[in-house]
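Asker: this one's structure only:
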Ligand SMILES: Nc1nc2c(ncn2[C@@H]2O[C@H](COP(=O)(O)OP(=O)(O)OP(=O)(O)O)[C@@H](O)[C@H]2O)c(=O)[nH]1
Ligand SMILES: [Mg+2]
């Protein structure tokens, strides 16, 4: 039994197919939005930490890109980020979307359940299905060797108290790795770039979102209460550039306005956001472009 003086801490990676709700879960567990979320697959491109600190514990969650077969250098980087995200962790959670369980979920689950550490399977998005449907899904996974299988909704918060309690029971006695007020390991510059990308993902369709990259060119404090930010939005074709700009600039204005609002609350000051759209053919296969955008391995 855990007594009140034991401080428990550890790293918990969140893995699964694209779009199953990993980043939504990370945000819910941290209690703040630290990872961007969208209904497009492959929203998350890098691993990132979200930190949940309590009186007697600190849980460091590691969000990872969705597991997929890579077709670009960026895809290779993303899959490497998944592998690195699972290095040195204390527990692993595997997410599936109960509205779309498929063969890939099964093979990912089988592989992850073999790991020599506590591995939990989370059936996410239960707010979208009838309870009876869950029983059939539990059947698929029940003999794979998971520590436990928990139904949750990252969106409504259902099941998250049970999840926290269970995770805590698996964490070792350990140090406080980060200060209490630190919520993520991501620098402001990256968070700003991600918020811009999120708004682009929200409003753009078809293949355009996959080819979007955001480079922050500069962040300059103009006064105590005003930050000027210049950013380039990369895309892969001229036709995509016109779509991103929109008729008389309406799309770019919309993306910019929504991103600015979020960045203002992140930074706690007014923001003057200047966005430019640049065509960079095949940037997702260019080592130099990937490095500029922060998609290069540190190891
Ligand atoms: N209804 C419902 N929607 C959810 C839930 N969790 C996530 N979503 C939605 O599912 C979509 C994908 O969520 P993300 O958190 O971006 O998924 P992800 O697994 O991080 O996706 P990638 O980063 O692309 O791998 C978004 O539209 C979320 O709002 C949930 O519990 N219920
Ligand atoms: Mg994500």
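Answerer: Good, I have the coordinates. Treat the numbers as computed from the prediction; the structure is a model and nothing was measured. Numbers count the residues shown, from 1 in each chain. Ligands and ions are numbered 1, 2, ... in the order given.
Asker: List the residues that contact residue 154.
Answerer: 21, 24-25, 27-28, 124-125, 160 (C-beta atoms under 8 Å, 6 or more residues apart in numbering). Every residue, glycine included, has its C-beta placed from N, CA and C.
Asker: Could you pick out the buried ones from those?
Answerer: For the contacts of residue 154, a burial check counting by 16 or more other C-beta atoms under 10 Å picks out 21, 24-25, 27-28, 124-125, 160.
Asker: Dump these to a markdown table, plus pLDDT and secondary structure.
Answerer: Below are the buried ones among the contacts of residue 154 laid out as a markdown table (pLDDT from 0 to 100; DSSP: H, G, I helix; E, B strand; the rest coil):
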| residue | pLDDT | secondary structure |
| --- | --- | --- |
| 21 | 98 | coil |
| 24 | 98 | helix |
| 25 | 98 | helix |
| 27 | 98 | helix |
| 28 | 98 | helix |
| 124 | 98 | strand |
| 125 | 98 | coil |
| 160 | 98 | helix |
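Asker: of all those, which two lie farthest apart?
Answerer: The most widely separated members of the buried ones among the contacts of residue 154, counting by C-beta to C-beta, are 27 and 125 (14.8 Å).
Asker: now residue 166: how far from ligand 2?
Answerer: To ligand 2, residue 166 is 22 Å away according to C-beta to the ion, to the nearest Å.
Asker: Next, give phi and psi for the closest residue to that residue other than its chain neighbours.
Answerer: Nearest residue to residue 166 in three dimensions, chain neighbours excluded: residue 148, at 6.2 Å (C-beta to C-beta, 6 or more residues apart in numbering). With angles defined as degrees, to the nearest 10, residue 148 sits at phi -160, psi 160.
Asker: How about the residues of the stretch 1-150 of the chain by ligand 2?
Answerer: 22-23, 43-44 (C-beta under 5 Å from the ion).
Asker: Kindly reformat these as a markdown table containing pLDDT.
Answerer: Below are those laid out as a markdown table (pLDDT from 0 to 100):
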| residue | pLDDT |
| --- | --- |
| 22 | 98 |
| 23 | 98 |
| 43 | 97 |
| 44 | 98 |
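Asker: hmm, back to that, OK, contacts around the residue nearest to residue 166?
Answerer: Residue 148 touches 120-121, 166, counting by C-beta under 8 Å, 6+ apart.
Asker: Against ligand 1, how distant is it?
Answerer: Distance of residue 148 to ligand 1, computed by C-beta to the nearest ligand atom, to the nearest Å: 18 Å.
Asker: From residue 5, how far off is that residue?
Answerer: Distance, residue 148 to residue 5, using C-beta to C-beta, to the nearest Å: 27 Å.
Asker: All set now, cheers.
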